[in-house]
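Visitor: Here is a sequence together with a model predicted from it:
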Amino acid sequence: MPITLPLHAVNRPAPEAIPNREKLTKKALSADHPTWCPGCGDFAVLATFYKVLEKKNLPHEQIVTIAGIGCSSRFPYFVNTYGTHFIHGRAIPYATGISLARPDLRVFVFGGDGDGYSIGGNHLDHGARKNVRLCYIIMDNFVYGLTKKQTSPTSPIGFKSKTDPAGSIDHPINPIKKLIANGATFIARTHAAFPAHMSQMFERAMDHDGFAVVEVLSECVEFYEGAFDAANSRKGGQFNLIEEKKWDGTPEDEKRHDVTDEIAAYKLAHLPFPGVFGVFYESDRPTKNALEYKWIETTREKLGAASDLDLLKATFNRMK
Amino acid sequence: MSPNTASTPIISSNTTPTTSTKPTRKIHDVVIRLAGNSQDGIQAVGGFLARLAGRSEQEVMTYMTIPSTISGGPSIFQVRIGSGEVFSAGDQVDFLVAFYQHSYENHIHSLKPGGILLYDSDHVTPNLNDKTYHYVGVPITSLTVEAIGGTARDKGKNIFTLGLLAKVFDLDTAKLEKLILDRFKSKDESIARNALNAFNAGYAYPIANYLDQLYTFEKYEKAALRPQVTMDGNQAIAYGLITGGVRFGAGYPITPWSSIMEILRAELPKYGGIFVQAEDELGAVSMALGFSFAGYLAVTGSSGPGISLKMEALGWGCMAEMPLVVINVQRGGPSTGLPTNVEQSDLMQAIYGSHGDAPRVVLAPQTVEDCFYTAIEACRIAREYSVPVIVLSDTALATRIEAFEEPHLEELYVPVQLDLSPHEGNYKPYALDRITRHLTPGRYTADGKYPVVSGLEHDEYGHPTASPKLHSAMTAKRRDKLRQLAATLPTPAIYGDETAEILLVGWGSTYGPIREAVDTLRRQGHPVAAIHLRHLHPLPPRLAEIFTRFKQVLVIEMNDYGLYGYGQLATLLRATTVCPHIKSHCKTDGQSFRVSEIIQAVQALAK
Ligand SMILES: Cc1ncc(C[n+]2csc(CCOP(=O)(O)OP(=O)(O)O)c2C)c(N)n1
Ligand code: SF4
């Protein structure tokens, strides 16, 4: 039976409780077999996502996965949850709609660097600025995978692609700086070759009430092999972690990073590749969700017990 | 009034009107045009008049032009008040109010011979030697200053003029005063007081002594109907959406769509909903689709350029079979075109815009009242058929104010439902054998399988596929559900002379002028009939049958003849009915059709 919702009851009715529900397992969470190339970094992202969901044991039916277009954006097909494969670059506003309308759902957005930073760049800025409650995992491979090797907004200068046969000449964007500047309230960076770190970051992002972004370096073995070796300690590179302040008053703590300090976060983000990994910034600015519902609540308070139909009739009476 | 009526000028220095000896004529239909600058508040006066007429159970229709520049500039507001049905804002003006010399010079030719020019003698010097019109000069500016104090200057002369008009047309002053007070309710008390003072000063001015002898406005008692409500087309759409069960939406500002989003932004929270001003139109349509996926039918909208931007996502809505209402308040021209003028040139885009075969529904309201009902119908169709529904309104409907019978809200109101009940499982979001609806997230499924809605071609479960057979089957499925809808649509009623040789066909805001043209032609002894299409895609059944009954079918629309000589609807009708005698009468001057233009087109055809 459909439930007729008194929408303005801000504590929307939660879906009916399901008795003796089974634990959320990897098996329950996996859907179609991924179509990615063997060795693609996105497999590790998917495996980690399963693991973290398993640990969090959220109500299965309340998990929603949304993606735009790209190899990485195929993600929702591989997770057995409610999902949407939307259009290129517009996953954030689509997810915003879901997040605002349905406080009971957990909204996860997946995509690549092309989808998120190029065609969807404006939406990322505004999702961050509005602090919409959702968790966005960006699989950055510095290249366009699905369309077979064109320059991406994060491709380094000199990268040879089909659209830059002589090497990319455009300055790459710095997603972390962009996110800080635009007001995302949780910003972390991790590496698909380090699943333990990745799951920590995913977990913290999931716990965050606001616009939470995790940028994952996820290698495209087909079109940009070895792109992240410099950030991989097992391949002779450096996987430097951000040490966060514990506020324990010790002298060492002085040197640690204050995640609520925007300027400090920006400085960390400014380090040249491979930079550092971990949480750059975290703050608890009110979400758009909370602000919109507060407005609804105060508006409704003034209206007393009037039903929607009463309200509409009163409005028409004023137009007589 | 006959053109050779001698006019009796009142010279501005002579504040006591001289009297005329003409016999009194009773009129029951008057077109008043206020011409000034946009900052003079003439829209407000027009609005007051329209609202008053609505409350007095008179038929009323307004028309206005606003300059597209913010700093203001010449502007007019036209209101037609009638004692019978009023279909258009009127071709010619009975009563012109001119605040400036340019208002006089630019609009005097719209005045009917024998019509009255009321001018602000502080600013306007008319050519009194032209005996075509009656001239009434009133020092509006200085009298207003006198009435409400020196600092008020030009502010308030609109309300003073309203007082004059109230006297001339014997309007209900008690109701007008209430309207004025309502309008300034939220402002400082002195503002409302000043407004009332200006109004009373205008009302007290002895203008009617003279005008009474020219004509009196005949009040009439209408048969007891439900009371009327008065609003503009955009308001009617906004409240239609709320009545139809829309609680969520997103948009981006653009003229003339903006006021719909402004209303929804302010109103929806009262109903527990949210309207978001998105970063752009692509974001807006995407957000709205997200709201719909979340289980609430949502709305997005725009005007020309913004609708173009929404097209890719709209195609996704057709592919993923998502309910959505899209309002397009059409404006003129491609690109940024004519931002504040009217045109009906987005029909083909509405039906065919977007890549691939992406069938969706297109409806067009005919009047302000119909904006309300069309919005409700759009909601119903979007929900029932899980499909985007485009509502093609236009600038003329958006900005004009009409009074119409109060709707039966109890019957029309659609409560908002969200289905979160557990589901038995094995759900095919895209089953081929029925009209499908996606499963609302949050619903527990017994088999633990949760579907993905997809813009990639998909099988019945939503899994991507490039199977030739499935793509054909799914394409047909998306098309056939609209065929099913078409079978339920009413065949449009024929208005006028069913045995006539000429049938006029229109859509959208041309409804009024076409109706009036049919009435006028029939009165003049030319048999003619008309149909007006509200369902443009899919088209209602049996149109070909209707068309074959007439020798000539003339499609009247505000868009171009195109390369092949036919306007957009005419092209569609020729293709769908294969009637060779369908012809076009198009115009693209950014103005609504005048009744006389349609009459001329019909007369040319009859020859
Ligand atoms: C409007 C639009 N433009 C272009 C494309 C083609 N396209 C598909 S995916 C893609 C880039 C994907 O790159 P990225 O987001 O980095 O994802 P990856 O495949 O690397 O994971 C492009 C340009 C499209 N699908 N839609
Ligand atoms: S092309 Fe690259 S990004 Fe795409 S699946 Fe293959 S490895 Fe992964």
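Guide: Alright, I've got the coordinates. Ligands and ions are numbered 1, 2, ... in the order given.
Visitor: Name the residue of chain B that lies nearest to ligand 1.
Guide: Closest approach between chain B and ligand 1, counting by C-beta to the nearest ligand atom: residue B:312, at 6.1 Å. The C-beta positions use only the backbone N, C-alpha and C, and glycine is treated the same way.
Visitor: Verify the stated contact: that residue with residue A:86.
Guide: No. Counting by C-beta atoms under 8 Å, residue B:312 does not reach residue A:86; the two are 10.3 Å apart.
Visitor: Looking at these two, which is more packed in?
Guide: Neighbours per residue (other C-beta atoms under 10 Å in any protein chain shown) separate residue B:312 from residue A:86, with residue A:86 holding more: 31 against 20.
Visitor: Over to the more buried one: give its phi and psi.
Guide: The phi and psi values for residue A:86, taken as degrees, to the nearest 10, are phi -100, psi -150.
Visitor: Kindly report the same for residue B:36.
Guide: Backbone torsions for residue B:36, taken as degrees, to the nearest 10, come to phi -160, psi -140.
Visitor: residues near residue B:185, how many?
Guide: Residue B:185 - counted by other C-beta under 10 Å - has 10 other residues nearby.
Visitor: wait, residue B:400 sits on residue B:233?
Guide: Yes. Using C-beta under 8 Å, residue B:400 is in contact with residue B:233, at 6.4 Å.
Visitor: Now do the shared contacts for those two.
Guide: residue B:368 (C-beta atoms under 8 Å, 6 or more residues apart in numbering or on different chains).
Visitor: quick one: the host helix or strand of residue A:55 near chain B?
Guide: Per DSSP states H and E, residue A:55 falls inside helix A:42-56. No. Using C-beta under 8 Å from any C-beta of the partner chain, helix A:42-56 stays clear of chain B, coming no nearer than 12.6 Å.
Visitor: Just the CA trace of that helix, in CSV.
Guide: These are the backbone C-alpha positions of helix A:42-56, laid out as CSV (Å, rounded to 0.1, in the frame of the first residue of the first chain):
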residue,chain,number,x,y,z
ASP,A,42,38.3,0.4,-10.1
PHE,A,43,38.0,-3.3,-9.0
ALA,A,44,39.8,-2.4,-5.7
VAL,A,45,37.4,0.5,-5.2
LEU,A,46,34.4,-1.7,-5.7
ALA,A,47,35.8,-4.4,-3.3
THR,A,48,36.5,-1.8,-0.7
PHE,A,49,33.1,-0.3,-1.1
TYR,A,50,31.5,-3.7,-0.5
LYS,A,51,33.7,-4.2,2.6
VAL,A,52,32.8,-0.9,4.1
LEU,A,53,29.1,-1.4,3.5
GLU,A,54,29.3,-4.8,5.0
LYS,A,55,31.0,-3.3,8.1
LYS,A,56,28.5,-0.5,8.4
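Visitor: Buried residues, it. List them.
Guide: A:42-54 (16 or more other C-beta atoms under 10 Å in any protein chain shown).
Visitor: Just send the residues you listed back as TSV, with pLDDT too.
Guide: Shown next, in TSV, are those (pLDDT from 0 to 100):
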residue	pLDDT
A:42	98
A:43	98
A:44	98
A:45	98
A:46	98
A:47	98
A:48	98
A:49	98
A:50	97
A:51	96
A:52	96
A:53	95
A:54	94
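Visitor: would TSV of those residues with distance to residue B:434 be doable?
Guide: Below are the buried residues of helix A:42-56 laid out as TSV (distance: C-beta to C-beta, whole Å):
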residue	distance to residue B:434
A:42	36
A:43	37
A:44	41
A:45	37
A:46	33
A:47	37
A:48	39
A:49	34
A:50	34
A:51	39
A:52	38
A:53	33
A:54	36
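Visitor: same for ligand 2: which of these are within range?
Guide: Checked against ligand 2 using C-beta under 6 Å from any ligand atom, those yield the following neighbours: residue A:42.
Visitor: nearest to ligand 2, of the buried residues of helix A:42-56?
Guide: Using C-beta to the nearest ligand atom, residue A:42 comes nearest to ligand 2 of the buried residues of helix A:42-56, at 5.5 Å.
Visitor: in chain B, what residue is nearest ligand 2?
Guide: Evaluated by C-beta to the nearest ligand atom, chain B has residue B:464 as its residue closest to ligand 2, separated by 14.4 Å.
Visitor: Pull out the buried positions in stretch B:126-143.
Guide: Buried residues in stretch B:126-143, defined by neighbour count with 16+ other C-beta under 10 Å: B:126, B:132, B:133, B:134, B:135, B:136, B:137, B:138, B:139, B:140, B:141, B:143.
Visitor: The second one sits in which helix or strand?
Guide: According to DSSP H and E, residue B:132 maps onto no helix or strand at all.
Visitor: Over to the last one?
Guide: Per DSSP H and E, residue B:143 falls inside helix B:140-148.
Visitor: after that helix comes which helix or strand?
Guide: helix B:157-168.
Visitor: buried ones in the next helix or strand after that next one?
Guide: With elements assigned by DSSP H and E, the helix or strand that comes after helix B:157-168 is helix B:173-184. Residues B:176, B:177, B:179, B:180, B:183, B:184 are the ones in helix B:173-184 that count as buried (16+ other C-beta under 10 Å).
Visitor: now what about the lengthiest helix in chain B, what contacts it?
Guide: Using DSSP state H to define each element, chain B has its longest helix at helix B:468-488. If you take C-beta under 8 Å, 6+ apart as the criterion, helix B:468-488 is touched by B:318-319, B:321, B:357-361, B:381, B:384-387, B:430, B:432, B:435, B:457-459, B:465, B:535, B:537-541.
Visitor: picking that back up, would you say the residue of chain B closest to ligand 1 is within a helix?
Guide: Yes. Judged by DSSP: H, G, I helix; E, B strand; the rest coil, residue B:312 forms part of a helix.
Visitor: quick one, what contacts it?
Guide: Applying C-beta under 8 Å, 6+ apart, the residues contacting residue B:312 are A:87, B:282, B:354, B:355.
Visitor: can you check residue B:382 too?
Guide: Contacts for residue B:382 (C-beta under 8 Å, 6+ apart) come out as B:297, B:323, B:324, B:325, B:361, B:388, B:389.
Visitor: thought the first one was touching residue B:379?
Guide: The one in question is residue B:297. Yes. Counting by C-beta under 8 Å, residue B:297 does reach residue B:379; the two are 5.9 Å apart.
Visitor: Keep only the contacts of residue B:312 that also lie close to ligand 1.
Guide: Counting by C-beta under 6 Å from any ligand atom, nothing from those sits close to ligand 1.
Visitor: farthest pair in those?
Guide: B:282 and B:355 (14.9 Å; C-beta to C-beta).
Visitor: tell me which element the residue of the stretch 1-150 of chain A at minimum distance from chain B falls in.
Guide: Nearest to chain B, among the residues of the stretch 1-150 of chain A, is residue A:97, at 2.3 Å (C-beta to the nearest C-beta). Element membership for residue A:97 (DSSP H and E) is helix A:91-101.
Visitor: Return the residues of the stretch 351-500 of chain B in contact with ligand 2.
Guide: Within the stretch 351-500 of chain B, no position lies close to ligand 2 (C-beta under 6 Å from any ligand atom).
Visitor: show me what contacts the residue of the stretch 1-150 of chain A closest to chain B?
Guide: Neighbouring residues of residue A:97 by C-beta under 8 Å, 6+ apart: B:248, B:250, B:276, B:286-294, B:298.
Visitor: Restricting to the residues you listed, which residues neighbour chain A?
Guide: B:248, B:250, B:276, B:286-294, B:298.
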